[in-house]
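S.K.: Fold the following for me, if possible:
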Amino acid sequence: MSNPRQLQLLEVVRARSSVTVEALAETLQVTLQTVRRDVQRLAEAGLLTRFHGGVRVPSSTTENIAHQERTSLHAEGKARIAKAVAAQVPNDCSLILNIGTTTEAIARALLQHKGLRVITNNLNVAAILSGNPQCEVIVAGGVVRTRDRGIVGEAAVDFIRQFKVDLAIIGISSIEADGSLRDFDYREVKVAQTIIQQAREVWLAADASKFNRPAMVEVARLSQLDRLFTDAPLAEPFPSLLAEADVRCDVLSS
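M.R.: Okay, the predicted model is just below:
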């Protein structure tokens, strides 16, 4: 591909994972018609995937990106989210953190908290928070996934059902335009559903790349959340969906 504008467009989408047509036009300082024409050509070449109002990088609905790569992707946004979430978590409370690089960032941001009792099915979260002597960490039993040290399966589900916590702070792989929260591994999804059921309040931490990203298995609906923390303003239909579901949205722009 030799068109410099299309190359730049592709770089912008890859940096953000997904972006609206309007944002592309503003970033590239071209007309909406030009962006739509370029997007059409890139989509036909298989380099981008279109969705209503925007475009994203092509991705699998059945398999997530590798853990090491996810750790570095959108690291700045995840750090902003983690700092904001930690600032809202009171001392002396109980919470569950699930699998994900965003929840691992939140664990690091909680290292100065006192009196926390944290249940997790994420060995990385457990290792991070074990460095806080003022925090009690309880690790779920189950099958350990070697690729990211997440604990999944029926044993983890049964373990988490024993508890009722103040907060569930969860990450997710996908938030689709129909209001569904989705992930890739059915065993992980069953644990995440149980975590949501066993919490008095549910907070979702998700950077902007998670919106309009496809994944196979439904975890929950936006209406099951109490708060959403993200790192960039959301395009429709998400503001309307959140307002309809009465979910408080904290946008932590740079």
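
S.K.: In three-state terms, label Ile138 for me.
M.R.: strand (DSSP: H, G, I helix; E, B strand; the rest coil).

S.K.: For it, name its beta-bridge partners.
M.R.: Under DSSP bridges, the beta-bridge partners of Ile138 are Ile119.

S.K.: Run a quick check on it versus Asn121, I expect a contact.
M.R.: No. Counting by C-beta atoms under 8 Å, Ile138 stays clear of Asn121, with 10.3 Å between them. Placement of C-beta: from N, CA and C, glycine included.

S.K.: what about those two, which has more around it?
M.R.: Neighbour totals were compared for Ile138 and Asn121, and Asn121 leads with 30 against 15 (other C-beta atoms under 10 Å).

S.K.: ok, that one to Ile175 distance?
M.R.: Asn121 sits 21 Å away from Ile175 when distances are taken as C-beta to C-beta, to the nearest Å.

S.K.: Same question for Ala82.
M.R.: Noted for Ala82: a distance of 18 Å to Ile175, by C-beta to C-beta.

S.K.: quick one, helices of the stretch 101-250 of the chain?
M.R.: Using DSSP state H, counting those that start in this stretch, the helices of the stretch 101-250 of the chain run over 101-109, 123-129, 154-160, 186-197, 238-245.

S.K.: Who are the contact partners of Glu188?
M.R.: Ile99, Arg145, Gly150, Val152 (C-beta atoms under 8 Å, 6 or more residues apart in numbering).

S.K.: again, 10 Å this time
M.R.: The neighbours of Glu188, taking C-beta atoms under 10 Å, 6 or more residues apart in numbering as the test, are 64, 98-100, 121, 145, 148, 150-153, 156, 173, 217, 219.

S.K.: In strands, which of those fall?
M.R.: When DSSP state E is applied, the contacts of Glu188 are split such that Arg145, Gly150, Ile151, Val152, Val217, Val219 fall in strands.

S.K.: Just give me the neighbour total for the second one.
M.R.: Which is Gly150. As a burial measure, Gly150 scores 26 neighbours (other C-beta under 10 Å).

S.K.: Might one say that it is in contact with Asn121?
M.R.: Yes. With contact defined as C-beta atoms under 10 Å, Gly150 counts as touching Asn121 (6.3 Å).

S.K.: Map the structural domains onto the sequence of the chain.
M.R.: 4-56, 67-251 (automatic domain parsing).

S.K.: mind checking how far the longest one is from the chain centre?
M.R.: If I follow you right, that is domain 67-251. Mean-position distance between domain 67-251 and its chain equals 7 Å (C-alpha atoms, centre = their mean, to the nearest Å).

S.K.: burial of the residue nearest to Pro239 when sequence neighbours are not counted, as a residue count?
M.R.: Nearest non-adjacent residue to Pro239, counting by C-beta to C-beta, 6 or more residues apart in numbering: Cys249, 7.5 Å away. Neighbourhood size, Cys249 [other C-beta under 10 Å]: 17.

S.K.: How about the one 3 residues further on?
M.R.: By other C-beta under 10 Å, the residues close to Leu252 number 18.
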